[in-house]
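1. Give me coordinates for this.
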Amino acid sequence: MFVQQETRKSASPSAFAEELFRRLPRADQRRWAQTYLQALLVTPGKKTMRRLAASVSDSPTASQALHQFVNASPWLWSEVREDLVWQVNRYARPKAWTIAPVVLPKRGTKSCGVHRRFAPELGRSVSCQLAIGAFLSTGVGEVPVDWSLHLPGAWLDDPVLRRRARIPEAATARSVAAGVLSLADHLVARSPHRPLPVVADISGHGDPGELLHGLSARGREFVVAVPPGLPLVPDGPPRGPRWSESTPALPAERLLRAQGKAAARGGRSGSAWVRLAVERNMDPRPCRLFVDPRPGPGKPRTGQLWITNLIHRPTEELLGLVRAQAATADTLHSLAADFGLYDFEGRSYPGWHHHMTLVSAAFAYHSLTADLAPSAALRSA
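-> Just a heads-up that it's a prediction; the model follows:
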């Protein structure tokens, strides 16, 4: 699971930061990145710029300098995230990429991407930003390594809002599913190893059919949560009777109930062979539909339905991937309580991405070197 226990124990915040921020072009950027990382590790409570600066510096201008570094300094968060993926792989071998929507409650209307939406996990409508987080599922938990900020049409189509928030022209995705696919593409490009299964649950925030279509078109391995009414085509196992052009699509829950009973009578575990209705002319491979028997917050009492193209994996292994995705909730709670996930002070698109990158780096250091307390924070001039 870990590369070397000795390497893990020898890590320090400064050494971790030196490798992680090595591609920042200026020495002052690298210094403030390290300072911000260490401040996130040692500052209790809310992570305002003033509190972060006070934790690591006696200088009266440190708060302003940190704010400038996060909100205005021109550095590429994509390069830091690429190196973060590499760092996580040094310490632990991931088994999957887990991707989940994250509601970030916000006051006011000025924060980039803020809008009002119903949050199933909260059970109410809130004013928020909607982020999409990508996590490496490792033996020490789910480690965030990449983020996308969902921008509703009002933010994408208004040139004044785009200019004010410094939203780049490349930011065009209009759906949560498109944001998930973009993150999966980034992970493929940045991973030092072969692509891993994408495990995603976008229930209540996006269209799982669009997500499944995109993952299949890319040839990705996936385990994706689906609603009971998702249309699926009943299929047979690879060596059994197969679907035909005339086979009608049926709701996922109905298919699982029918095939599950037949499987139980034959002494097999309850799952269903299916084909995605959108893939009739694209992908000849069958999929498996199965259920996580544990009901969770906002989930049906009978459990969440999932579909996968990992058809030869044991059910217990698939359920292990599902539970890794559910464990992102614990990571998000820790990110909010201990690392300032909700505490970004700024309104710009680049500033938000800078902050989320630094929060992820602090969490990764803490998680991957849990037996090593942060060293004394550097005093910044």
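
2. okay, CA-based contacts and neighbour counts for the rest of this
-> OK.

3. which residues of the chain score low on pLDDT?
-> Counting by pLDDT under 70, the chain has low-confidence residues at 1-11, 236-246, 260-270, 278-284, 295-302, 370-381.

4. Give me the sheet partners of the longest strand anywhere in it and which way each runs.
-> Selection of the longest strand in the chain by residue count, based on DSSP state E, yields strand 124-138. Each strand paired with strand 124-138, and its direction, by DSSP bridges: strand 96-105 (antiparallel), strand 115-119 (antiparallel), strand 141-150 (antiparallel).

5. which parts of it are buried?
-> 126-138 (16 or more other C-alpha atoms under 10 Å).

6. Figure out how far it is from the centre of its chain.
-> Its chain's C-alpha centre and that of strand 124-138 lie 7 Å apart, by C-alpha atoms, centre = their mean, to the nearest Å.

7. just stretch 79-93 next, same as before
-> Mean-position distance between stretch 79-93 and its chain equals 15 Å (C-alpha atoms, centre = their mean).

8. CA atoms only: put that stretch into CSV for me.
-> Only the C-alpha atoms of stretch 79-93 are listed here, as CSV (Å, rounded to 0.1, in the frame of the first residue of the first chain):
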residue,chain,number,x,y,z
GLU,A,79,0.7,22.0,-12.6
VAL,A,80,0.5,21.9,-8.8
ARG,A,81,-2.4,19.4,-9.0
GLU,A,82,-0.4,17.3,-11.5
ASP,A,83,2.5,17.2,-9.0
LEU,A,84,0.0,16.5,-6.1
VAL,A,85,-1.2,13.3,-8.0
TRP,A,86,2.4,12.3,-8.3
GLN,A,87,3.0,12.9,-4.6
VAL,A,88,0.0,10.9,-3.5
ASN,A,89,1.2,8.0,-5.7
ARG,A,90,4.6,8.2,-3.9
TYR,A,91,3.0,7.3,-0.6
ALA,A,92,0.0,5.1,-1.5
ARG,A,93,-1.1,3.2,-4.6
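
9. what comes up buried for it?
-> In stretch 79-93, residues buried by neighbour count (16+ other C-alpha under 10 Å) are 80-93.

10. Now intersect those with the helices, please.
-> Taking DSSP state H as the definition of helices, the buried residues of stretch 79-93 contribute Val80, Arg81, Glu82, Asp83, Leu84, Val85, Trp86, Gln87, Val88, Asn89, Arg90, Tyr91.

11. Turn those into TSV, columns for distance to Trp352.
-> Output for those, formatted as TSV (distance: C-alpha to C-alpha, whole Å):
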residue	distance to Trp352
Val80	14
Arg81	14
Glu82	17
Asp83	19
Leu84	17
Val85	19
Trp86	22
Gln87	22
Val88	22
Asn89	25
Arg90	27
Tyr91	27
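
12. Now do the contacts for Ala249.
-> Listed by C-alpha atoms under 8 Å, 6 or more residues apart in numbering, the contact set of Ala249 reads Pro231, Leu232, Val233, Pro234, Ala277.

13. Also Lys47?
-> Lys47 makes contacts with Leu40, Phe339, Gly340, Asp343, as judged by C-alpha under 8 Å, 6+ apart.

14. now do Leu341
-> With contacts taken as C-alpha under 8 Å, 6+ apart, Leu341 has the following neighbours: Leu335, Met356, Val359.

15. Can you verify my assumption that the second one contacts Trp147?
-> Just to be clear, that refers to Met356. Yes - using C-alpha atoms under 8 Å, Met356 makes contact with Trp147 at a distance of 7.3 Å.

16. Of the buried residues of strand 124-138, just say which sits nearest to Pro314.
-> Minimum separation from Pro314 among the buried residues of strand 124-138 (C-alpha to C-alpha) is found for Ser137, which lies at 18.4 Å.

17. Identify the bridge partners of that closest one.
-> What pairs with Ser137, by the bridge criterion (DSSP bridges), is Ala96, Glu142.

18. pretty sure it contacts Ala92?
-> No - proximity of Ser137 to Ala92 does not meet the contact threshold set by C-alpha under 8 Å, at 9.3 Å.

19. can the buried residues of strand 124-138 go into JSON lines with extra columns for distance to Asp158?
-> Converted to JSON lines, the buried residues of strand 124-138 look like this (distance: C-alpha to C-alpha, whole Å):
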{"residue": "Val126", "distance to Asp158": "22"}
{"residue": "Ser127", "distance to Asp158": "19"}
{"residue": "Cys128", "distance to Asp158": "19"}
{"residue": "Gln129", "distance to Asp158": "17"}
{"residue": "Leu130", "distance to Asp158": "18"}
{"residue": "Ala131", "distance to Asp158": "20"}
{"residue": "Ile132", "distance to Asp158": "22"}
{"residue": "Gly133", "distance to Asp158": "25"}
{"residue": "Ala134", "distance to Asp158": "28"}
{"residue": "Phe135", "distance to Asp158": "31"}
{"residue": "Leu136", "distance to Asp158": "35"}
{"residue": "Ser137", "distance to Asp158": "37"}
{"residue": "Thr138", "distance to Asp158": "40"}
